[in-house]
Structure formats: structure tokens, C-alpha cells
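Undergrad: attaching a predicted model along with its sequence, questions to come.
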Amino acid sequence: MDSLMQMLHAATSANQYPKLYVIADRVFYHLDSFTEPSRSQTSITSHLGYSKLTFKIYSSKDAHVTKWYLLVSDAITALQCIREGWGPTLKDITISLASIGVNFHIFKTPPTPRPHIPIVLHPPILGYRNQNYTPTTGDYLKYVEIWNAVLKQPRCRTTLARGGILWCLAMEVLDPSSVVDLDFSQNEHIVHYPTPSNKCWETMLTKADEDILCRVYYIYTGNGEQTTQVSWWPKQNVWARKGLSTGYWTAQCKEWYQFGLKTILEGKAHL
């Protein structure tokens, strides 16, 4: 980590104006302690000793007009933003991240704090099937229709920021540029900071959204209301444990997805 931080410091110091600034801090719980460095200040702030860092990225081009925060969870991604010369605005950087399947977060401070109302998450009714049911290619295509409609809802643009299989499936419908047009008016998740009055909101997917995107079926086992899950595509937590999960969408990931889709459409897939 120390060597990566040194590389980040060197890269940002060499970066010409408008600069990309990177500030490192612990997870998402100290946004209120961040300060905007001037053009003459050091552009990296590291709080060593924490087990996990996140990196806030912004551009001096629009640092005082952007109303949301961009965070990435690893130094390698932060370094890539600088070395690739992405920008000059924060929107440009965010779209570039959304184009390669990297996981990142967009937080916004609401104009007035609102109470957090828990969302009741229900799996989609379409996903329930009787015992011993075997999904068909026709079922998959029906799911695609629903999936396309779900992804066109403004809140689901956040899928482009999730990376992994969810990002891949979203790219079948969405353009990376739509990630900066997130809807913060519904389905917000409040992130609490040390000071109770400081809150930021991030648009999140519901469990039902992810079930639809991954084509999850709930199949009754024959034991009362008990069900088991099968899906055409691995859910995000399963994908994260696969060997292909490297932090961005590689050529190997693309090959795996194309082969899987071909198998499904030819009716040869087995769930």
C-alpha cells in the first residue's frame, strides 16, 4: 500500500492543471472531514494505520460546482484515473470508470436530511416456480423483457457503478454516460457519518432488482413454503468469488459471458 500511495502522489504531482485530486481515507465514513486542496497543496492525504482505505476523486476543473462525490475502493483504480488522463470533469472520469466495469460509488448530500425509511425487499413474483421446474430458453427471453424495463428506471443506472456481472448485464441496455444521471429521489441508502447531522445518500439496487438482472428463479422444494434458488447468471456476491473477478471487466470475462449467452440461447444451458 505504501508503494501505491507513493505512485499516486507522484502521478498527481506530475498531472497538469486541471488536476485530478485523490484523497485517501477510511471507508465512506469521513467525507465530512475532507477539504478541497488548493492548486498549491498536496493532492494526496493518507491516513495510515487503517485496514481499508477508499479514495475520493475530483477534478479542479469543477471541484466547486459538482454536487456529488466519487469514491473508488482501491489505489490501483485511483492511479488509473490519473495515468489515463481521464477528465477534465468529474463526470468525464465517472463515465470512463463506467465504461470498463470498475466498482465505484457516487454519493450525494441531500438538500435537507430526510429520515431513512427501510425498503421492504421482495423477490419478483415471476421468479417462483413449482418443484422440479426446469427453466427454458423461452423463460430466459421473457426475463430479458422485464430486465430491460427495470434497467430503464433511473435508479437502476447505478448498476453501471457496481462492476462485475451486474455491470455486464446492464451494458446490454444502458450507455455508460447515463451513470452520471442517477436518480437520488427514490430508493436512497443513507450513509451515516460521525456527526449525526452529516449524511450522504447513494442510490442502491434492491434485492428484487438484482434477482431480475441475474434471472433468479425461486423453485419450491416440496417442503412447505421452502424454496431454492437457481439463476441464469451468478449473483454479484457469487461473481465476486469467481476467479474471473479482478476488479474490472477483462477479455476473459467477455469471452466467458459470450459463451454463456450462446449456450443459453441454443437451449444447452443447465441451471
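TA: Thanks, I have the structure now. Numbering: from 1, shown residues only.
Undergrad: which parts of the stretch 51-200 of the chain are helices?
TA: For the stretch 51-200 of the chain, the helices defined by DSSP state H, counting those that start in this stretch cover 75-83, 90-98, 137-151, 164-170.
Undergrad: buried set for the longest one?
TA: If I follow you right, that is helix 137-151. Neighbour-count burial for helix 137-151 flags Asp139, Tyr140, Tyr143, Trp147, Val150, Leu151 (criterion: 16 or more other Cβ atoms under 10 Å). Where C-beta positions appear, they are placed from N, C-alpha and C, glycine not excepted.
Undergrad: quick check: closest non-adjacent residue to Ala161.
TA: Excluding the flanking residues, the one nearest Ala161 by Cβ to Cβ, 6 or more residues apart in numbering is Phe104, at 5.2 Å.
Undergrad: try Glu266
TA: Thr137 (7.8 Å).
Undergrad: do I have it right that that neighbour meets Leu265?
TA: Yes: contact criterion Cβ atoms under 8 Å: Thr137 and Leu265 qualify, at 6.3 Å.
Undergrad: count of neighbours near the residue nearest to Asp92 when sequence neighbours are not counted?
TA: Nearest non-adjacent residue to Asp92, counting by Cβ to Cβ, 6+ apart: Trp86, 6.1 Å away. By the measure other Cβ atoms under 10 Å, the count of residues near Trp86 is 20.
Undergrad: now do the same contact list for Trp86.
TA: Counting by Cβ atoms under 8 Å, 6 or more residues apart in numbering, Trp86 makes contact with Leu20, Asp92, Ile93, Ser96, Leu97.
Undergrad: that one and Tyr217, how far apart?
TA: Per Cβ to Cβ, to the nearest Å, Trp86 is found 40 Å from Tyr217.
Undergrad: what ranges do the strands span in the stretch 151-271 of the chain?
TA: Secondary structure of the stretch 151-271 of the chain, counting by DSSP state E, counting those that start in this stretch: strands at 188-192, 199-203, 216-220, 227-231.
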